[in-house]
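K.L.:
prediction below, plus the sequence it came from.
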Amino acid sequence: MNMMKKAMIWGISLAFVVTGVRAQSLDDAKKAIDAEQFAQAKGMLETLVKNKPKDGENYFYLGLVYIHNEHLDSALAVFDQGIAADPKGNLNTVGKGIVDLYKEDAAAAATKFAEATGKLKRKDYLELYHIGRAYIDAPNPDYQKAVEYLDQAKAKNLKDPLIPLALGDAYFGLKNNSMAYKNYRDASVLDNTLTRARVQMQVITRGSHAWQEAIDGLKQIAADVPDYAPTYRELAETYHAWANTATTIEDYNARNKEAVEFYKQYMDKTDYTVDSRIRYADFLVYVKDYTELQVQAAELAQLEDVNPKILRYLGYSA
């Protein structure tokens, strides 16, 4: 079981990790997103929008960060600003369609996607890629539609490894593991530093209930690329899924303890923002670690405008 929404991968090279704000380029912001350092990415993108107010792509990625953090109204406002700043660009229209998908208005999303793709030039493919990616990551995924858009993107660009990476995710969602694995492998061939493709191949292994093999594979990736945070999240999810198959309470508790430890490592390598801490609290509910949940919920409850679910979590941990 996948306990959390996977981090969205928005046309970002996955080979790098940002450990500090050393530059204010779009590439650096993309690397921060890849590392799931969303607060840092948001700060970079806000600076880019201020310094390059006519560059619509900066608004688009800032909007995607807001979507990740479930701030849909803020995302929509940023996409509107991007369209006003760069009316000839199409990405921010795609962004507005993605917001519609997250609001579960598929018809409105399709209209905006059609508007954006109707203006594409012969070599334009990123819009198609992002639409396909959105259909994978939306609350109600449409994996087949994702494949259709991603195939169109691939027909225009055979060399972007993120396209087969996304196709792998779409086929994984369709429970076609052989096609998923093939596409992850193709992505790795195009870019052998693409850590996410390696991680996803281990997720497929986990799906076959080869728990120890998946854990060993993920630990090897963590050893090879120790700062790549999503690996630790997948280790946490793998241990939790394995715990759910335990036949003794001792094994159940031991595996969930490992799950929490790896999730803490994931948190250490990302941002200790309110949003990420809420996701950590969600995970603690899944693994039934009510002691740690009480600590986290009590701290979060002291903040202004606390998310109502945290108050419910205080009840769970009481």
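P.N.:
Okay, I see it.
K.L.:
quick one: contacts for the residue lying closest to K52 once chain neighbours are set aside?
P.N.:
Excluding the flanking residues, the one nearest K52 by C-beta to C-beta, 6 or more residues apart in numbering is N58, at 6.0 Å. No exception for glycine: its C-beta is placed from N, CA and C like everyone else's. Going by C-beta atoms under 8 Å, 6 or more residues apart in numbering, N58 touches L26, A29, L45, L48, V49, K52, G82.
K.L.:
are any of those buried, and if so which?
P.N.:
By neighbour count, with 16 or more other C-beta atoms under 10 Å, these hold L26, A29, L45, L48, V49, G82 as buried.
K.L.:
helices along the stretch 201-318 of the chain, start to end?
P.N.:
When secondary structure is read from DSSP state H, counting those that start in this stretch, the stretch 201-318 of the chain shows helices at 211-224, 229-243, 249-268, 274-287, 290-301, 308-317.
K.L.:
make TSV from the ones you listed and add mean pLDDT and distance to P139 to it.
P.N.:
Listed next are the helices of the stretch 201-318 of the chain as TSV, based on pLDDT from 0 to 100; distance: least, C-beta to C-beta, whole Å:
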stretch	mean pLDDT	distance to P139
helix 211-224	98	26
helix 229-243	95	19
helix 249-268	94	22
helix 274-287	84	15
helix 290-301	88	23
helix 308-317	77	16
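K.L.:
pick the most buried one from those.
P.N.:
Ranked by average neighbour count under the criterion mean count of other C-beta atoms under 10 Å, the helices of the stretch 201-318 of the chain are headed by helix 229-243 at a mean of 24.
K.L.:
so what angle separates the directions of that one and helix 274-287?
P.N.:
If you take axes from the mean of the first three to the mean of the last three C-alpha atoms, to 10 degrees, helix 229-243 sits at 20 degrees to helix 274-287.
K.L.:
measure the closest residue to L235 other than its chain neighbours to I33 for me?
P.N.:
Excluding its sequence neighbours, the residue lying closest to L235 (C-beta to C-beta, 6+ apart) is F262, at 4.1 Å. Separation of F262 from I33 (C-beta to C-beta, to the nearest Å): 21 Å.
K.L.:
what's the answer for Q40, then?
P.N.:
Applying C-beta to C-beta, the value for Q40 to I33 is 9 Å.
K.L.:
compare neighbour counts for those two and give me the winner.
P.N.:
I33 (27 against 23; other C-beta atoms under 10 Å).
K.L.:
what average pLDDT does whichever strand or helix holds that one get?
P.N.:
For I33, the host element (DSSP states H and E) is helix 26-34. Average pLDDT, helix 26-34: 86.
K.L.:
and what of stretch 47-62?
P.N.:
The model assigns stretch 47-62 a mean pLDDT of 97.
K.L.:
next one: it to chain centre, how far?
P.N.:
With C-alpha atoms, centre = their mean, to the nearest Å as the basis, stretch 47-62 stands 21 Å off its chain's centre.
K.L.:
try stretch 301-314
P.N.:
That offset, for stretch 301-314, works out to 24 Å (C-alpha atoms, centre = their mean).
K.L.:
next, the distance between the ends of that stretch.
P.N.:
Using C-alpha to C-alpha, to the nearest Å, the span of stretch 301-314 from its first residue to its last is 8 Å.
K.L.:
can you report phi and psi for the residue lying closest to G89 once chain neighbours are set aside?
P.N.:
Among residues not flanking G89 along the chain, G56 sits closest, at 3.9 Å (C-beta to C-beta, 6+ apart). According to degrees, to the nearest 10, the main-chain angles of G56 amount to phi -60, psi -30.
K.L.:
what is the neighbour count of G56?
P.N.:
The burial count assigned to G56 is 24, neighbours taken as other C-beta under 10 Å.
K.L.:
that one contacts A85, correct?
P.N.:
Yes: between G56 and A85 there is a contact under C-beta atoms under 8 Å: 5.7 Å.
K.L.:
tell me how far the spatially most distant residue from the centre of the chain lies from D124.
P.N.:
The outermost residue of the chain relative to its centre, with distances by C-alpha atoms, centre = their mean, is T248 at 33.5 Å. From T248 across to D124, the span is 56 Å (C-beta to C-beta).
K.L.:
also L150?
P.N.:
15 Å.
K.L.:
which one's more surrounded, those two?
P.N.:
L150 (29 against 16).
K.L.:
follow-up on the earlier one: so for M179, which of the helices of the stretch 201-318 of the chain sits nearest?
P.N.:
Closest approach to M179 among these is made by helix 211-224 (19.4 Å; C-beta to C-beta).
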